[in-house]
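J.: Here's a sequence, model it:
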Amino acid sequence: MNIRSLTRGDGVVIGAAVLLFIASFLDYSGGLESFNAWDMLPVVMSIYLAGVIGAALIVVHRMMPQPRKIAGLELGQFGVAITIFAAWTAFWTIIGVGSAGPGVIIGFIATLILAGAAVASPLVPALKGQLITAPTTTPGAYPTGANAGYGYPGAQQQVPGQGYGYPGAQQQGGQPSYGGQPQPVQGGHTGQAGQPQAADQQTAAPADAFAPFWFAVPVARPLYGEDGGQTPIAELAPGTWYLAVEQRGQALIAQTQDGRRGVLQDTTGIQRG
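T.: Prediction:
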C-alpha cells in the first residue's frame, strides 16, 4: 500500500469518519434520559459504523496498487455506496426523532460531509490534489560511487557484456600478437586483430541508442505488465528512484527495487537522476 496516493478528498473522508465515530458516543436524545447510539444497535450499525466502514473501504482502495472488487464493484465504489446509504438513513432518522441530541445532529452533518467528499473526490480538481506531498528529491542527496547501492542514482551497476573480449570493453594497449608481444595500435587498425574490434564497435553502436537512467515520478503512477495488459502490476511512488531500462515509443520500461519490470505509460513530468 502507498499512503502517498491519498488525495485531499480522501483526507476529508477520513476527517468526516472520525467526526462520525465521535458523534456515536454523544447524547442521542435531547430529553431527560441520556443515551447514545451504541444503546441502539440498528442505529449505530446503519449510520455510524456504516459510514466509518465506507470511509475505510475508500481509503484502502486508494492505497492499493491493484483494485479489488466486492460483488462486482471496486472497493472504492462499494465504499461510496455505503456512505450514501449512511447519509440517507441519518436524514430520515433526524426527521423521525422527536428531540434530536448532539449525537444525531453531528452524526447527520458528518454523514453529509462524508458522502459528499466520497462522491466529489474524483470530480473536483481541488480534491484531486495529493494529500501527502512527496519530498524534494535530488540525485546529489543520494550516495554515489562505489558505496552506492541499488535503488539510487550514481550506483555502479554491472552491465552485462562489459569486460575483456566484449563490445565496449576498455582494451589496454594494442592486441597481443603471437609470442606475447603487444602490437601497438596505428591509425586505429591492427591488421587482423583490428577487424574484430571494428566489428564489435559497430555491433555496440545500436545498443548505445538508449542509455538506462534513474528517474522519479511527480505523483503516484501505475506500472503495467510488459504483455500489454491494462492491469497494473505495481505503483511507482513519488520520492523513490526507479531505473528505466528500455524505451518503447513515449513509454518506458521501468524496473522497481524488488526487480519487477513493467511499462510506465505516463512519463510526463518525470525527474531524471
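J.: other SSEs contacting the longest helix seen in the chain?
T.: The helix spanning the most residues in the chain, taking DSSP state H as the definition, is helix 75-96. Counting contacts by 3 or more Cβ pairs under 8 Å, 6 or more residues apart in numbering; DSSP states H and E, helix 75-96 packs against helix 50-63, helix 102-120. All C-beta spots, glycine's among them, are computed from the backbone N, C-alpha and C.
J.: mind checking which of these is nearest Arg248?
T.: helix 50-63 (28.4 Å; Cβ to Cβ).
J.: quick revisit: and the longest helix of the chain, which residues are buried?
T.: 75-80, 82-87, 89-90, 93-94 (16 or more other Cβ atoms under 10 Å).
J.: and that helix with helix 102-120, angle?
T.: Interaxial angle, helix 75-96 versus helix 102-120 (axes from the mean of the first three to the mean of the last three Cα atoms, to 10 degrees): 150 degrees.
J.: which outside residues touch helix 75-96?
T.: Applying Cβ atoms under 8 Å, 6 or more residues apart in numbering, the contact partners of helix 75-96 are 13, 20, 43, 46-48, 50-51, 53-58, 60-62, 64, 67-71, 73, 100, 104-105, 107-108, 111-112, 114-115, 118-119.
J.: now that helix, how far from the centre of its chain.
T.: The chain centroid and the centroid of helix 75-96 are separated by 30 Å under Cα atoms, centre = their mean, to the nearest Å.
J.: Give me the mean pLDDT for it.
T.: On average, the pLDDT along helix 75-96 is 94.
J.: Also stretch 15-31?
T.: On average, stretch 15-31 scores 91.
J.: cool, and stretch 34-42?
T.: Mean pLDDT, computed over stretch 34-42, is 90.
J.: on that earlier part again, tabulate the helices and strands packed on helix 75-96 (a markdown table), appending distance to Pro218, mean pLDDT and mean neighbour count.
T.: A markdown table is the format used below for the helices and strands packed on helix 75-96 (distance: least, Cβ to Cβ, whole Å; pLDDT from 0 to 100; neighbours: other Cβ atoms under 10 Å):
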| stretch | distance to Pro218 | mean pLDDT | mean neighbour count |
| --- | --- | --- | --- |
| helix 50-63 | 18 | 93 | 22 |
| helix 102-120 | 23 | 95 | 22 |
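J.: Of all these, which one is nearest Glu226?
T.: Comparing the helices and strands packed on helix 75-96 by Cβ to Cβ, helix 50-63 comes nearest, at 24.7 Å.
J.: Check the offset of the closest one from the chain's centre.
T.: So, by Cα atoms, centre = their mean, the centroid of helix 50-63 is 18 Å from its chain's centroid.
J.: Restricting to C-alpha, output it in PDB.
T.: Output of helix 50-63 as PDB, limited to C-alpha atoms (Å, rounded to 0.1, in the frame of the first residue of the first chain):
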ATOM      1  CA  ALA A  50     -21.700   2.100   8.100                       C
ATOM      2  CA  GLY A  51     -20.200   5.500   7.400                       C
ATOM      3  CA  VAL A  52     -16.800   4.500   9.100                       C
ATOM      4  CA  ILE A  53     -16.700   1.200   7.200                       C
ATOM      5  CA  GLY A  54     -17.500   3.000   3.900                       C
ATOM      6  CA  ALA A  55     -14.700   5.500   4.500                       C
ATOM      7  CA  ALA A  56     -12.200   2.700   5.300                       C
ATOM      8  CA  LEU A  57     -13.000   1.000   2.000                       C
ATOM      9  CA  ILE A  58     -12.500   4.200   0.100                       C
ATOM     10  CA  VAL A  59      -9.100   4.900   1.700                       C
ATOM     11  CA  VAL A  60      -7.900   1.200   1.400                       C
ATOM     12  CA  HIS A  61      -8.900   1.200  -2.300                       C
ATOM     13  CA  ARG A  62      -6.900   4.400  -2.900                       C
ATOM     14  CA  MET A  63      -3.700   3.000  -1.400                       C
END
